[in-house]
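Asks: coords please:
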Amino acid sequence: MKEAVAKSLGFLLTMVLTAAALFVGWRLWAYYEEEPWTRDGRVRAEVVSVAPDVSGLVSDVLAHDNQRVRKGDILFRIDRKRFELALRQAEATLAGRAAALEVASEDFKRYRTLDAKNNIAVSKQQLENVTGQQAQAQAAYEQALAERDLARLNLERSDVRASVNGPMTNFELRPGSYVTAGKPVAALVDEDSLHVDGYFEETKLPMIHVGDRAAVRLMGERQALFGHVEGIAAGIEDRDRSSGANLLANVNPTFNWVRLAQRIPVRIALDRPPSDVLLVAGRTATVIIGPDKEGGVAFSLFPRSASARK
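Replies: Predicted coordinates for the structure are as follows:
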């Protein structure tokens, strides 16, 4: 009797272990081969090249490397003296052109009045000359006004300001340096554009939809981040095709029989990322696209911390 019970227990235990092994094997197969996830992910952000709009000597540097700045903050100043003189010169020119326009306008009115009253003979040529002089004075005044506004704009642009919110990086500018208009001197990371790009195999795309929940784990971080699919790239580069000298398609004549699935960028928008997780553009991330409910199998792989539940 005892021997029969022992055999039954042994058989039952074997069946349970076999079932558990089959379940684990099935879950591993589904996880690694079927569910949309990838370790090929990156934290990304838009980077603004900070470049002055005018050329000149740097007089003051008000920001430093890796400093987080706000939109509108002054990063550095270019010496203003030359631009102030240019503005004064433009204002003086404008005043002269305004006086000339006033004289020409008074002459034009006077000749028109005389011509209308017919008290004094006014030749057609004289009237045309006065009309042309008034038009030329008006054009000269408009040009001087534009030059004054340009000089004022250059003076304002001598203060180089941050165009977005975020940290400065690779910023080594010092007072006394000469900067050239349009030449970048630093990079400004737009922290409002921080997101994660997951590069998924094209075979996983049918299981990914815009709005799907996503779990993200950064390399070296215990805490998981959560977000949603914001978009899927509309195209990637075709490495086997280029354009020839005559703009015809130049297709690689060789073909690899071993075909690897292409990687398609999927943009993940982060939902309220924790403040204690350092989001640095370029960090490596693992991305899992899960069900709508955060309690699904994919999300259970990443235990959530207290700050992530908020």
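Asks: which residues does residue 201 form a beta bridge with?
Replies: Residue 201 has these beta-bridge partners by DSSP bridges: residue 263.
Asks: what about it, distance to residue 153?
Replies: For residue 201, the distance to residue 153 (C-beta to C-beta, to the nearest Å) stands at 51 Å. C-beta here means a position set from N, CA and C on the backbone, and glycine is covered the same way.
Asks: determine how far the last residue of stretch 63-81 lies from the first.
Replies: Start-to-end span of stretch 63-81 (C-alpha to C-alpha, to the nearest Å) is 22 Å.
Asks: ok, and what's touching it?
Replies: Stretch 63-81 is contacted from outside by 50, 52, 54-62, 155, 158-173, 179, 186, 188, 191, using C-beta atoms under 8 Å, 6 or more residues apart in numbering.
Asks: after the lengthiest helix in the chain, which helix or strand is next? Please name it.
Replies: Of all the elements of type helix in the chain, the one with the most residues (DSSP state H) is helix 81-117. Stepping forward along the backbone from helix 81-117, the first helix or strand reached (DSSP states H and E) is helix 124-157.
Asks: mean confidence (pLDDT) on that following helix, please.
Replies: The predicted model assigns helix 124-157 a mean pLDDT of 85.
Asks: ok, stretch 78-86 next?
Replies: According to the model, stretch 78-86 has a mean pLDDT of 95.
Asks: in that stretch, what counts as buried?
Replies: Taking 16 or more other C-beta atoms under 10 Å as the neighbour-count basis, stretch 78-86 is seen to contain the buried residues 78-80, 82-83, 86.
Asks: would you mind giving those residues as TSV with distance to residue 257 added?
Replies: Supplementary listing: the buried residues of stretch 78-86 in TSV, determined by distance: C-beta to C-beta, whole Å:
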residue	distance to residue 257
78	60
79	65
80	67
82	67
83	66
86	68
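Asks: separate out the buried members of the contacts of stretch 63-81.
Replies: Using 16+ other C-beta under 10 Å, the buried members of the contacts of stretch 63-81 are 50, 52, 54, 56, 58, 61, 155, 158, 160-162, 164-169, 171, 173, 179, 186, 188, 191.
Asks: among those residues, name the ones in strands.
Replies: Where the buried ones among the contacts of stretch 63-81 overlap with strands, as defined by DSSP state E, the overlap consists of 50, 56, 58, 61, 160-161, 166-169, 179, 186, 188.
Asks: before we move on, back to that, from the buried residues of stretch 78-86, which single one is nearest residue 282?
Replies: For these, the minimum distance to residue 282 (C-beta to C-beta) is 31.2 Å, reached by residue 78.
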